[in-house]
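Novice: Here is the input, now give the coordinates:
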Amino acid sequence: MKPIHLLTALAFGLSNGAFAAGGHDHAHEHTALHGGVVAEAKDIDFELVAKPDSLRLHVRDHGKPVDVAKASAKLTLLAGGVKQEVALKPAGDKLEAMGQFKVTGAKAVALVNLPGKPALTVRFVLR
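Specialist: Okay, the predicted model is just below:
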């Protein structure tokens, strides 16, 4: 196994983040409001809308949008043995990056920094 593949597998395995939402009971829904994939970490919902030309991360705390004006995220996409790291920056009510991305069948790991909170690791499986 190549070192980069081993490191990537280790990162996925050790991440303390989120899994696809569902199967637990509390006061908010994990519905995709923007057509993306939803995952949860520390009771915060993250919706990743991944398109070949844009990546958008919407953040909700108990169903209410989180102010991301001073937030940031680093997203790592893994698709077909290709690793792509992307910085997401505030864009209105979401974190966003524009460019060319391999998203079909990809796995994604986001390291999200929200003001006043410890960094969160969130995992997504894209279709």
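Novice: If the nearest residue to I44 once chain neighbours are set aside is in a bridge, with which residues?
Specialist: Nearest non-adjacent residue to I44, counting by Cβ to Cβ, 6 or more residues apart in numbering: D61, 5.1 Å away. Quick note: C-beta positions are derived from backbone N, CA and C, even for glycine. Bridge pairing for D61 (DSSP bridges) gives the partners I44, K64.
Novice: residue ranges of the strands in this structure, please?
Specialist: 37-41, 44-51, 54-61, 64-65, 72-79, 82-91, 94-98, 107-113, 120-125 (DSSP state E).
Novice: so which of those strands comes closest to T31?
Specialist: strand 37-41 (7.0 Å; Cβ to Cβ).
Novice: Quick one: list the elements packing against the closest one.
Specialist: Contacts defined by 3 or more Cβ pairs under 8 Å, 6 or more residues apart in numbering; DSSP states H and E place strand 37-41 against strand 44-51, strand 120-125.
Novice: And the first one, what's buried?
Specialist: For strand 44-51, burial by neighbour count (16 or more other Cβ atoms under 10 Å) applies to 44-50.
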